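1. I'll drop the sequence and a predicted model, then ask my questions.
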Amino acid sequence: MKSALDFAWHCALSINAPTSYQRNYAKFPVLETRDAVINALNGIHINPSSNPSIYNAIVTDIQPYKDGGQLASAIYILHDLDITDKHLLALGLQPLAGIEGIVVEDENGETIHGFGATTEAPPPYVIPFEKHIRIKDKGQLAFDVVLPESGLYQFVEITEVLSKFSKVVLHCVELLESL
């Protein structure tokens with residue numbers, strides 16, 4: 001997915017800012033801060049006066065820095081995962097087990113429906129409850145697979161994370177294609 005962003009960025013620069021395009025700047029700009037992104041764009045002569053459409057798409061719409069909007073957080077995490085997977089370690093998928101559809105009764109007789117505690121421990125799965133909890137329906141064992149290195153998405157099931165990242169990347173690519 002990060003490669004799709006890089007390719008869309010490369011195409012947007014070569015078509016809309018051919019004098020700004022250099023092989024060294026073919027990667028989609030994802031940096032720590034807004035100022036760092038603006039400085040990187042200025043470094044390839046993209047600013048509000050020279051290339052307002054590209055500048056605004058990156059700085060205002062996508063905001064590819066750590067504290068950007070919701071779209072930016074997914075882009076930043078995807079970028080971080082890309083670096084981690086290439087340079088630091090193989091990304092690890094982690095199974096989480098829990099109880100789906102459990103029904104319990106607390107000490108006041110109140111019935112609680114929901115999903116039981118999630119555990120990262122290997123089988124056999126044991127999820128302790130306090131003494132005063134009475135299990136009315138034990139529910140079913142449920143599994144999710146998560147990507148621990150995915151920042152704020154670390155406890156979100158991997159297919160949901162990939163779906164979210166795919167939608168974000170598609171939005172960014174379409175935005176760059178529309179320039």
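-> Here it is on my side, so go on.

2. wouldn't His45 be in contact with Leu13 here?
-> No - His45 is beyond contact range of Leu13, at 10.6 Å (criterion: C-beta atoms under 8 Å). C-beta: built from backbone N, CA, C; applies to glycine.

3. Same drill for those two, tell me which one is more crowded.
-> For His45 versus Leu13, neighbours defined as other C-beta atoms under 10 Å are more numerous around Leu13 (22 against 13).

4. quick one on the thing from earlier: find residues that contact each of His45 and Leu13.
-> Common neighbours of His45 and Leu13 (criterion: C-beta atoms under 8 Å, 6 or more residues apart in numbering): Ser20.

5. quick one, strands of the chain?
-> Under the criterion DSSP state E, the chain contains strands at 94-100, 102-105, 111-114, 134-137, 140-146.

6. got these as a markdown table, with mean neighbour count, mean pLDDT and distance to Val59 columns?
-> Formatted as a markdown table, the strands of the chain follow (neighbours: other C-beta atoms under 10 Å; pLDDT from 0 to 100; distance: least, C-beta to C-beta, whole Å):
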| stretch | mean neighbour count | mean pLDDT | distance to Val59 |
| --- | --- | --- | --- |
| strand 94-100 | 16 | 78 | 35 |
| strand 102-105 | 17 | 90 | 47 |
| strand 111-114 | 11 | 85 | 42 |
| strand 134-137 | 13 | 90 | 52 |
| strand 140-146 | 14 | 81 | 32 |
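
7. got a list of what the residue nearest the centre of the chain touches?
-> By C-alpha atoms, centre = their mean, the mean C-alpha position of the chain lies nearest to Ala74, the distance being 3.5 Å. Taking C-beta under 8 Å, 6+ apart, we find Ala74 in contact with 153, 164-165, 168.
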